[in-house]
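1. Next one to model:
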Amino acid sequence: MPQLTLCLHHDQSLLGSVIRWQTHGRYSHISLVLPDGRHAEARWGEGVVIRPLFQYRAGDYVDRLQLTQPLSEEQL
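-> The predicted structure follows:
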């Protein structure tokens, strides 16, 4: 089964800080690493884009969650 990875971003930019403040959350952005290594993400003004590599900035951190099997009905 193909493996996907969710990247949960804690962005140190002003926009990232505003998003976390407004959502009362820990993360400001999520991207998806596809089985071929490309990153899929939603970008302001661009919609969903797929890129060969995600660019990280100094001070940002990312928690990665590996998805290896589909969720059961009970988990949904």
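2. And the average pLDDT for stretch 62-76 is what?
-> Mean pLDDT, stretch 62-76: 76.
3. can you pull out the strands in the chain?
-> Counting by DSSP state E, the chain has strands at residues 4-10, 29-33, 39-43, 47-51, 61-67.
4. The fourth one pairs with which strands?
-> Same thing as strand 47-51. strand 39-43 (antiparallel) (DSSP bridges).
5. CSV please, covering the strands of the chain and showing mean neighbour count.
-> All C-beta spots, glycine's among them, are computed from the backbone N, C-alpha and C. Below are these laid out as CSV (neighbours: other C-beta atoms under 10 Å):
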stretch, mean neighbour count
strand 4-10, 16
strand 29-33, 18
strand 39-43, 14
strand 47-51, 10
strand 61-67, 12
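6. for these, which one sits closest to residue 73?
-> Nearest to residue 73, of all the strands of the chain, is strand 61-67, at 16.7 Å by C-beta to C-beta.
7. If anything else comes up later, I'll come back, but that's it for now.
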